[in-house]
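*Asks:* Sequence and predicted structure are below.
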Amino acid sequence: MNRHFPNQPLDLFLTAAHQKMSRRDFFRRGGKGLLAAILAGGLLPRLLTSSANAAQAVKTGQFIFPRLQFTVYDETTDLWNISPIGDVNLRAKLQELTNINVSQEPKVVHLGDFDEMCRYPFVFMTSEGSFKLPEQEEKNLREFLERGGFVHADDCVYRGEDRFFKCYIEMINRLFPGNPMRKIPYDHEIFHCYYDFPNGAPHLQGVPHGAYGLFEPGTGRLMTVVTPGDLHCGWVCRFFGPEKDRQAIEMGINIIIYFLTH
Amino acid sequence: MTSRIFQWLCNQPPELFLQGKLEFTSRLPGGLRLLLFAAAAAAVWLLYRRAAGRLPQATRRWLLGLRLALLAVLFFLLGAPVLRVKKPQKEGSFTALLLDNSASMTIEDVAAADRTLSRLDAARQAAFGTAPGEPALVRALGEGGQVVTYRFADAPSRLQRPQQLDGRGPATNLFRAIHDVDAELQAAPLAAVVMLTDGCRNAGGTTADAAALLQARGVPLFILGLGNSTPPADREVVQLLAPSRVRRNSAVELDVTLRHTGFPKPFELQLKRGDTLVLARTVEPRPGSDITRLRIPFTPDHEGTATYRLEIPPGDGEKYTQNNAREFALAIQDDRLPVLYIEGSPRTEYRYLRRALFRDPDFRLVGVLRLAPNRFFIQGANAGEEFLKDGFPTTAEQLFRFQAVILGDIEADVFTPAQLALLEQFVKSRGGGLLMLGGVNSFGLGHYAGTPVGRMLPVAISPQDPPYSDEEFPATPEAAQLTHPVMKLASDPLENASIWNAAPPLLGITPVAGLKPGASLLLKNPRGGRPVLAVQDYGGGRVAAFTSGGSWFWRMSLPASDEFHEKFWKQLVRWLVVGVKEQLTVDTDAEIYARRDPVTVRAVVLGKDLTPVNDARVRAVVSDPLGNTQELVMDWILTEEGVYQCRYIPELEGAYKLAVRVEGWENAPLEKGFLVNPPVAEFADAGLKKETLQQMAAATHGKYFDFQELPSLIQAVKGQVRQAATQRAIPQDYPLWDMPLLFLAALALMGAEWFARRRAGLA
């Protein structure tokens, strides 16, 4: 189910990023990019702070894509809040390419505020480096997943390594002893529910482990997924070229649709 | 001496003349005879008048008188006189003796001389005697006529030997006993009916009707009451109502009525399956009441059909334990409940609702998610359901393979008018369940007002309804509806109320105008009172409206081990499909039978579109308690479409299993169980019904006697037999013409007249 998007805004943006253009085109297209950057910049303070109103109602009519805030102890550059523009882009494409009612509002959640976090059953988590959650937050994460919450964890890849990926798997395996995370087979529904990925999750950079998942005993449902190939940076649509960026976005959409249907 | 002289003169004893009546049997009418006598008397008078000058008047009168007296004797003889006496017909009168042979007669509470007899032994003793010289009805009444002896329970039959009284009658039917005996002896001269009974537990016609039968015939009823009027101290399972079939993992509720006469202390009630104790409950009798009613929930954990036994363990010196238990058969349906769930787009509510039902092996949830116009994502479909890739089913055969339909956040315009009409037929005729969920495109916002779906909903909707609200609110249950099957998340009412009071809030609601008349409100938004969960019956099916799109928050707000969310949705969906028609249903005319009671098995066969099928080949295999099987052919009964029937006579007591199948169908046979139990109803309320029996006897101008009054009963019946015989006496004539008295009288009159005529010079 590969989709091609000729004349779509994203394609124009991607094309402009990689081609020479006239001044008129640059200002026109750059203006769009600048506008996007200003918007992103304007959103940054909100991304860096938790929700001002913990009791704010969740728009149940909409799907919300929050980012998980956590502490990274490695001296890596890209932390939990790297490139929020990637989230913005993914939400926009999700709204555009599916009939899911998507909220474009950014949101940050924290495992320390468990009640608030439970209002957002889908959570995205990324960084470059290793991390260690406090014990209570690990317990909260386990409870969150057992209640039906879902975490998509993506390795932002530090210098071609897999620090975040390994750290996440080690943590999940510790939280769910006897049920280790394992590689998701290429014929799994998560790779085919909306777009087809016959070779599994696209790999943009880093160590090609393939996507790993925690499978729920008895049902086989994926409770959490970790992707080692830096999908998020593909969502930023800046680093890997239009084809890889597209695949990254499409895989992100697949994961969300899998969450909403399983 | 005088009597002997009288008898010589009159040929008959004097008592006969006292009993009898003088009658004339001559063919000559009495009037004519009188006329002839008058003519003869006139002729004699004329003759003697001619001789008036020759005879003195006194002599003439004397001679005339003698001659007239002689004429009177002659004319008396001409009248062919007889003495008519009514003789009672001893050989023709009948007495019917009815002996109660029901199970309650085995109770030992009849006080005899030095011991306590069972009611049955007392009846045997009263009827036949057990020792020489003992009064016995058969012997005593046989002297005055014929005695016809019957035993009766639910029906009477002739009693040939005392040993045939065995106390195994399953029930007592006094009316039928009287009715059938009366009919059998209709042509016979029935003098009296004698009944030996305790009067319990009468079923069938009333005792008043039975008495009326005998009263109309003028036959009195004499009753010898056996037993003690005060019911023995006893505990009994009076009634047990249980379903015969449930889905796997479904809770079962038993409605139980217990009686505990003479036992005021708490006692234990046990539910067993074979030797396995399923549950035990302590029953605390209320002061001043012999009856306790309770509801016992449990969840069966077996496969197939099993027999359960609800019993009160004997104890505390309880004498009669035959009625302490009741059994029932329960079949577990192991087919998965197919549910079709259609959503306008993937959303969180779909995910969590699917998850709640998916984990339960009793449900097969088929999800149809619209991803784009005319593009649907299908989950959980079986082979043969490929039509779902085009969206909602378009034919009855396609839709009727499901038992419930859930409409999520999807507008009415997605469906054609024919599909909406089909959905109404699905609920109304098929008995399927329909559930609509809250969302931005649901209810009035989804333009369902004025459509068949809008008609079915238990809430009033309008296109002008306010938009979907994201508010967070506590879903408040209606207190009176906490016992509704959907709302019962715990069997204990207090615990159930506590669970609902502690329920997390919901997120989001589709505002609707209100509840429709006749619908039930189960949950509401306390701010404004808008319905959150409403239900109603519609035709043969059920419809529910859940106006929130955020029940997933229940799941995420509670610990993972708390199954509040899952249990609620499973119960709601299960409740929706209660009325669903199956293609094959099987039933028996009762759940519990007595041995040799005919069992009628009935099957209804429908096609895939749920229209009756009249040419199916239906077979029933019956397995008895020993495992022996018998195959029966079930024939279409002609008077009802799609209905097939057969009969079976059980010979053994115990649990039976039925497996019914339709040849050519792929479905597994449908199972059902029934029980053949020994009779226990007789022991319910087993005291002697003295007052009823007294009234019954009095209504026929008979009488009631206690066991100790047997001699008086015998005398009373004998007197009745005699009286009845007199009333039916046949007249017997004794001729009087040959009485020597008459001959001597005639001779004396003729001699006196000749002597008188000679003296008068006329001879």
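*Replies:* Good, I have the coordinates. Numbers count the residues shown, from 1 in each chain, chains lettered A, B, ... in the order given.

*Asks:* okay, CA-based contacts and neighbour counts for the rest of this
*Replies:* Noted.

*Asks:* Dig out what the residue nearest to residue A:184 when sequence neighbours are not counted forms beta bridges with.
*Replies:* What sits nearest to residue A:184 in space, not counting adjacent residues and going by CA to CA, 6 or more residues apart in numbering or on different chains, is residue A:212, at 5.3 Å. Judged by DSSP bridges, the bridge partners of residue A:212 are residue A:183, residue A:226.

*Asks:* what sits against residue A:212?
*Replies:* For residue A:212, the contacting residues are A:181, A:182, A:183, A:184, A:225, A:226, A:227, by CA atoms under 8 Å, 6 or more residues apart in numbering or on different chains.

*Asks:* quick one: residue B:553 from residue A:147, how far?
*Replies:* 10 Å (CA to CA, to the nearest Å).

*Asks:* which strands and helices sit next to the helix or strand encompassing residue B:367?
*Replies:* If you go by DSSP states H and E, residue B:367 is part of strand B:363-372. Strand B:363-372 is packed against strand B:337-343, helix B:348-358, strand B:375-379, with contacts defined by 3 or more CA pairs under 8 Å, 6 or more residues apart in numbering or on different chains; DSSP states H and E.

*Asks:* And the residue in the stretch 101-250 of chain A that chain B sits nearest to, how close does it get to residue B:355?
*Replies:* Nearest residue of the stretch 101-250 of chain A to chain B: residue A:147, at 4.6 Å (CA to the nearest CA). Separation of residue A:147 from residue B:355 (CA to CA): 11 Å.

*Asks:* neighbour-wise, which of those two wins?
*Replies:* residue A:147 (22 against 18; other CA atoms under 10 Å in any protein chain shown).

*Asks:* my guess is the more buried one meets residue B:552, correct?
*Replies:* No. Taking contacts as CA atoms under 8 Å, residue A:147 lies outside contact range of residue B:552: 10.1 Å.

*Asks:* Now do residue B:478 against residue B:554, distance only.
*Replies:* Look at residue B:478 and residue B:554: by CA to CA, they are 18 Å apart.

*Asks:* Might you report the residue contacts of whichever residue of the stretch 551-700 of chain B sits closest to chain A?
*Replies:* Of all residues in the stretch 551-700 of chain B, the one sitting closest to chain A is residue B:560 (4.6 Å; CA to the nearest CA). By CA under 8 Å, 6+ apart, the contact set of residue B:560 is A:143, A:146, A:147.

*Asks:* Then residue A:157?
*Replies:* So residue A:157 contacts A:127, A:128, A:129, A:163, A:164, A:205, A:206, A:228, A:229, A:230 (CA under 8 Å, 6+ apart).

*Asks:* for chain A, what are the nearby residues on the stretch 301-450 of chain B?
*Replies:* Within the stretch 301-450 of chain B, the residues that sit near chain A (CA under 8 Å from any CA of the partner chain) are B:345-348, B:350-352, B:354-355, B:359, B:371-372, B:439-440.

*Asks:* From the residues you listed, list the buried ones, please.
*Replies:* Neighbour counting by 16 or more other CA atoms under 10 Å in any protein chain shown classes B:345, B:346, B:347, B:348, B:350, B:351, B:352, B:354, B:355, B:371, B:439, B:440 among those as buried.

*Asks:* and the contacts of residue A:212, which are buried?
*Replies:* Buried members of those, counted by 16+ other CA under 10 Å: A:181, A:184, A:225, A:226, A:227.

*Asks:* what's the closest of the residues you listed to residue A:87?
*Replies:* Among those, residue A:227 lies closest to residue A:87 (CA to CA), at 15.6 Å.

*Asks:* quick one, helices of the stretch 401-550 of chain B?
*Replies:* Secondary structure of the stretch 401-550 of chain B (DSSP state H, counting those that start in this stretch): helices at B:417-428, B:452-456, B:493-501.

*Asks:* now those in a markdown table, with mean pLDDT and mean neighbour count?
*Replies:* A markdown table is the format used below for the helices of the stretch 401-550 of chain B (pLDDT from 0 to 100; neighbours: other CA atoms under 10 Å in any protein chain shown):
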| stretch | mean pLDDT | mean neighbour count |
| --- | --- | --- |
| helix B:417-428 | 96 | 20 |
| helix B:452-456 | 97 | 19 |
| helix B:493-501 | 92 | 14 |
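
*Asks:* And stretch A:72-89, what's buried?
*Replies:* For stretch A:72-89, a neighbour-count test (16+ other CA under 10 Å) marks A:72, A:78-89 as buried.

*Asks:* I'd like to know how many residues surround the closest residue in space to residue B:527 that isn't next to it in sequence.
*Replies:* Nearest-residue entry for residue B:527: residue B:473, 7.9 Å, with adjacent residues in sequence omitted and distances by CA to CA, 6+ apart. When neighbours are defined as other CA under 10 Å, residue B:473 has 16 of them.

*Asks:* Then residue B:561?
*Replies:* Look at residue B:561: counted by other CA under 10 Å, it has 9 neighbours.
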